[in-house]
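S.K.: I would like to see how this sequence folds:
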Amino acid sequence: MKTALITGANKSIGFEAAKQLLQQGYYVYLGSRDLQKGAGAVSQLQAEGLTSVEPIEIDVDSAESINAARVTLGQKTQVLDVLINNAGISGGLPQPSLETDISIYKEVFETNFFGAIAVTQAFLDLMKPAAEPRIVNVTSGLGSLTMQTTPTWKYFMVKPTAYVASKAALNAFTIVLAHELRDTAFKVNAVDPGYTATDFNHHSGPGTVPDAAARVVKAATLAQDGPTGQFYSDDNAPETGISPW
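M.R.: Residues are numbered from 1 along each chain as shown. Have a look, this model is predicted:
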């Protein structure tokens, strides 16, 4: 049975991604900053008959928490097949570039960028023995520099500046990581789940959580001949699904 770890998975897209992976036969370690909330999410899944799941406490802002989660997971499995870096924050709105306090930039980058890197570094050794290891960095279409400089784009110059910058940085990390792992079995991709109605955006998005999670899960379950180093976004490129960086 393949295994997956999803950060920030006690609700919303992360929770739904866990559900869809469970339905495909994966054993899921449901990452949550608050273990009690993680346990509650697991109980919901188990009530639906999806029992191959357990909570893992992991706060991506804390090196101590990440290291503790790595120790815990290493006691439970010798191989991790899928890592989904899903945990993220918006930093609140609005975020004009010159008026947003530097502390907000630092807070958003700590979770959305540095957190994803720290988790990837901590769990990579557990993924190397996997036959088909997959890393999915959950990004945003707003992180596309190409689209943000295209005046005809429907989200042109949407300005949660700290958030946009953190996702652009995460995209850059994805490119480099995919290149460094290009001669291995790893597939490393960035996935924009789309403008989805969640509490992250006060349920303002037109997309649904199941559809958003399905995009993430598709990248997490790529076949051996699947692509790596791609930026998937139906919002940015509805015809091909591959967004420009």
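
S.K.: Every contact and neighbour count from this point should use C-alpha atoms.
M.R.: Noted.

S.K.: Okay, now the unreliable bits of this protein?
M.R.: Applying pLDDT under 70 to the chain flags the ranges 197, 199-206.

S.K.: residue boundaries of the strands in it?
M.R.: Taking DSSP state E as the test, the strands found in the chain are 3-6, 27-32, 53-57, 82-85, 134-138, 187-192, 231-233.

S.K.: which residues sit against the fourth one?
M.R.: Strand 82-85 has contacts (CA atoms under 8 Å, 6 or more residues apart in numbering) with 3-7, 116, 119-120, 127, 133-138, 220.

S.K.: Next: the second one.
M.R.: Outside of strand 27-32, the residues within contact range by CA under 8 Å, 6+ apart are 1-10, 15, 18, 21-22, 38, 42, 52-59.

S.K.: which residues of the chain fall in helices?
M.R.: With DSSP state H, the ranges of helices along the chain come out as 12-23, 35-47, 63-76, 102-109, 115-127, 145-148, 161-180, 209-220.

S.K.: got the CA positions of the shortest one in PDB?
M.R.: What that stands for is helix 145-148. Output of helix 145-148 as PDB, limited to C-alpha atoms (Å, rounded to 0.1, in the frame of the first residue of the first chain):
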ATOM      1  CA  LEU A 145       4.900  36.100 -13.200                       C
ATOM      2  CA  THR A 146       3.900  35.700 -16.900                       C
ATOM      3  CA  MET A 147       0.200  36.000 -16.100                       C
ATOM      4  CA  GLN A 148       0.700  38.900 -13.600                       C
END
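
S.K.: most tightly surrounded among the helices of the chain?
M.R.: With neighbours defined as mean count of other CA atoms under 10 Å, those peak in mean count at helix 12-23, which reaches a mean of 23.

S.K.: Compute the inter-axis angle for that one and strand 27-32.
M.R.: On the basis of axes from the mean of the first three to the mean of the last three CA atoms, to 10 degrees, helix 12-23 is oriented at 170 degrees to strand 27-32.

S.K.: Tell me the buried residues within the contacts of strand 27-32.
M.R.: 2-10, 15, 18, 21-22, 38, 42, 52-59 (16 or more other CA atoms under 10 Å).

S.K.: thinking again about what came up before, could I get the helices of the chain as TSV with distance to residue 190?
M.R.: Below are these laid out as TSV (distance: least, CA to CA, whole Å):
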stretch	distance to residue 190
helix 12-23	15
helix 35-47	24
helix 63-76	21
helix 102-109	16
helix 115-127	12
helix 145-148	14
helix 161-180	6
helix 209-220	8
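
S.K.: Of all the ones you listed, which one is nearest residue 241?
M.R.: helix 209-220 (9.8 Å; CA to CA).

S.K.: which helices and strands does that closest one pack with?
M.R.: In terms of contacts (3 or more CA pairs under 8 Å, 6 or more residues apart in numbering; DSSP states H and E), helix 209-220 is packed against helix 12-23, strand 82-85, strand 134-138, strand 187-192.

S.K.: Can you lay out the ones you listed as CSV showing distance to residue 176?
M.R.: As requested, the helices and strands packed on helix 209-220 are exported to CSV (distance: least, CA to CA, whole Å):
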stretch, distance to residue 176
helix 12-23, 24
strand 82-85, 16
strand 134-138, 13
strand 187-192, 10
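
S.K.: closest to residue 146 out of the ones you listed?
M.R.: Per CA to CA, nearest to residue 146 of those: strand 187-192, 14.8 Å.
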